[in-house]
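Asks: whatever this is, show me its structure:
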Amino acid sequence: MNYEISPIFVAGHPKSGTSLLRSVLDSHPELVAYPEETSFFRRYLPRAFGKSLLQKTVLSDRYLTHIFEWNQAKPPAHQAGFPDRDYSHIPVAQVRRAVNQLVAARFRHDGDMLSAVLLAYGRLPGRLPSYPPLGGEDPL
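Replies: Numbers count the residues shown, from 1 in each chain. Purely as a prediction, here's the structure:
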């Protein structure tokens, strides 16, 4: 399987063990796991229906890559409820540029936006880009 085309995505109902599974998989030295649940099904997908590609990219910034703005020193409003999280070491602008490049190269459906976000994160320096990026989600 070519993980550059199709990253692995783990989905499950709330309280079904998806977070534990993500943590276990993330501990493997040859896997890259997205640091938070994506909320793709709950937040991004319902709002993306009928939107232009540019509007979908804005939604991606707001609902998928926004976590990389989280920091303990100066938390943004959308970090409410997660004061202990800090991703200030992750270059959010670089992730978003990579998402835009991946989407421009091959956007066929809304699931490609999620794939682009996972791949963009997995390609950051210090990650393992040749191994499968993983995402997690509680769809309900």
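Asks: and the helices in this protein?
Replies: 18-26, 45-48, 53-63, 92-105, 111-122 (DSSP state H).
Asks: what's the most buried one of these?
Replies: helix 111-122 (a mean of 23; mean count of other Cβ atoms under 10 Å). All C-beta spots, glycine's among them, are computed from the backbone N, C-alpha and C.
Asks: mind giving me the packing neighbours of that one?
Replies: Helix 111-122 sits against strand 8-11, helix 53-63, helix 92-105, strand 133-137, with contacts defined as 3 or more Cβ pairs under 8 Å, 6 or more residues apart in numbering; DSSP states H and E.
Asks: let's have the helices of the chain in CSV, adding mean pLDDT and distance to residue 7.
Replies: Formatted as CSV, the helices of the chain follow (pLDDT from 0 to 100; distance: least, Cβ to Cβ, whole Å):
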stretch, mean pLDDT, distance to residue 7
helix 18-26, 86, 12
helix 45-48, 95, 17
helix 53-63, 94, 15
helix 92-105, 93, 11
helix 111-122, 89, 4
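Asks: select, out of those helices, the one closest to residue 75.
Replies: The closest of the helices of the chain to residue 75 is helix 92-105. By Cβ to Cβ, the value is 14.0 Å.
Asks: and the closest one, what does it pack onto?
Replies: So helix 92-105, by 3+ Cβ pairs under 8 Å, 6+ apart, packs with helix 53-63, helix 111-122.
Asks: ok, and what's touching the first one?
Replies: For helix 53-63, the surrounding residues in contact (Cβ atoms under 8 Å, 6 or more residues apart in numbering) are 39-40, 43-44, 47-48, 51, 96, 99-100, 103, 107, 110, 113, 116-117.
Asks: returning to that earlier point: of the helices and strands packed on helix 92-105, which approaches residue 92 most closely?
Replies: helix 53-63 (8.8 Å).
Asks: need the helices and strands packed on helix 111-122 in TSV with distance to residue 125, can you?
Replies: Listed next are the helices and strands packed on helix 111-122 as TSV, based on distance: least, Cβ to Cβ, whole Å:
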stretch	distance to residue 125
strand 8-11	21
helix 53-63	21
helix 92-105	9
strand 133-137	14
